[in-house]
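1. Curious how this folds, go ahead:
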Amino acid sequence: MWPLAVLLIVLAELLATAESGCVLKYDTKWPHCHNLDGCFGSTNVQDAMTHCLNTPNCDGFSFSANAQNGGGCYKQSCYPDDSWNGFGSGSHGYYECTPDEPAPGECVLRYSKKWPHCNNDPGCFNTQPLENAIAACIATSSCDGFSWTTGASSGSGCYKGSCDPDDSWNGYGYDTHDYYECGDKVDSPPPPSPSPPPPSPSPPPPPHFETTNNAVCKMPTADPDDNDDGTWLRYKDISPNTLDHCQQMCIEENQKQSKQTCYGVEYYENTGRCDIFTEEFSHYKYKENRICSQLVTETTEELIPYDQPEVEGVEKSANGSMNSTAVVVASTGAVIAVCLISVVVYRRRITGTKYSECSVAYADPLEDGN
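-> Got it, this is the predicted structure:
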């Protein structure tokens, strides 16, 4: 028979474990998921639970077997299947931790530099304060949370639906955005009776852009000789020289064609350059002083980082070879100079540009190499 004092201590520990959301899943084995924030030693198990529950991305932790004070490692990428990388056995057990659901009307940071690819519902947003995104999600019945630019006080992202109770069903994105999970909606008075429908359909909401700073837009293809720069129309020395004006040129292009012919822009302030993308693109690549701005619609997918390795050697021009021609003809008693244009084009496609003989070529290789 155990002394009453020992029973009370054990009961208190069990209650603390239940309240903390961490349970001992394995006595003498632990999953080889990724380590998060390194490992620890000489730590009380309750302190380890508290740390994991308050750390985004923490799914649990290994801990010295059958001990109240010990060492181990915090783990991530163990949910929903912790067996994908095998197990260790013998010296440690494993505590699985499930954070409490956010309180009704509140949103909490669930993942850092990681977000679930649930449905974009009701859509995406561009450059607004965090409290505005929280308020909008809480006010939307289908919104379970939202992605948010990592480290930003005013950022961009997408509202997410169908993430509850399991946000892993469509995989995750990494590095550029965090994820905030929002609690149940606060009951509100029923909405007023709908007014009669208007005689004509309301105009669609204005398009909006999701912008990635210090980046160029990319569209990977299967062609190893392709720079993956996508298809675009180039405008130089735009006036006014602003991102807003470049984006407005994109919108006007769609209005002029009565259909979507612009899917986003790439803007370079130093030269007043605006590239209007006439086909969709799916990636971005970090490059200083550039801006990649995607025109967001209901079916737009979030841009992901471009990681295709660059091909070594001389970059090619639009027709697959360097366009450089120089002819000099000399004869006795007369000198004839023939002036031919020499243009270096580093981007894969360019339209609407024509150079005539003996005109002054404008070459900006440092500007166009992505």
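2. so where's the chain shaky on pLDDT?
-> Counting by pLDDT under 70, the chain contains low-confidence residues at 1-20, 186-190, 201-206, 308-370.
3. so where's the longest strand in it?
-> strand 283-296 (DSSP state E).
4. Neighbouring strands - and their directions - for that strand?
-> With DSSP bridges as the test, strand 283-296 is paired with strand 208-218 (antiparallel), strand 264-268 (antiparallel), strand 304-305 (parallel).
5. need those in TSV with distance to residue 224 and mean neighbour count, can you?
-> C-beta: built from backbone N, CA, C; applies to glycine. Below are those laid out as TSV (distance: least, Cβ to Cβ, whole Å; neighbours: other Cβ atoms under 10 Å):
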stretch	distance to residue 224	mean neighbour count
strand 208-218	15	20
strand 264-268	23	25
strand 304-305	20	14
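6. Could you dump those into CSV with distance to residue 71 added?
-> Formatted as CSV, the strands paired with strand 283-296 follow (distance: least, Cβ to Cβ, whole Å):
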stretch, distance to residue 71
strand 208-218, 41
strand 264-268, 50
strand 304-305, 35
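7. Tell me which of the ones you listed lies nearest to residue 172.
-> strand 304-305 (11.2 Å; Cβ to Cβ).
8. Give me the buried positions along stretch 125-140.
-> The neighbour-count check on stretch 125-140 (16 or more other Cβ atoms under 10 Å) flags 125, 130, 133, 134, 137, 138, 140 as buried.
9. all strands in the stretch 151-300 of the chain, in order from the N-terminus.
-> 154-161, 172-174, 177-182, 208-218, 232-235, 264-268, 273-277, 283-296 (DSSP state E, counting those that start in this stretch).
10. Give me the contacts around the second one.
-> Taking contacts as Cβ atoms under 8 Å, 6 or more residues apart in numbering, the residues outside strand 172-174 that touch it are 111, 113, 114, 115, 116, 117, 147, 302, 304.
11. Just these: which are in helices?
-> Assigned to helices by DSSP state H, none of the contacts of strand 172-174 qualify.
12. Now which of these would you call buried?
-> The buried subset of the contacts of strand 172-174 (16+ other Cβ under 10 Å) comprises 111, 114, 115, 116, 117, 147, 302.
13. Could you export those residues to JSON lines, including columns for distance to residue 228?
-> What follows is these, written out as JSON lines (distance: Cβ to Cβ, whole Å):
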{"residue": "111", "distance to residue 228": "29"}
{"residue": "114", "distance to residue 228": "25"}
{"residue": "115", "distance to residue 228": "24"}
{"residue": "116", "distance to residue 228": "27"}
{"residue": "117", "distance to residue 228": "22"}
{"residue": "147", "distance to residue 228": "24"}
{"residue": "302", "distance to residue 228": "18"}
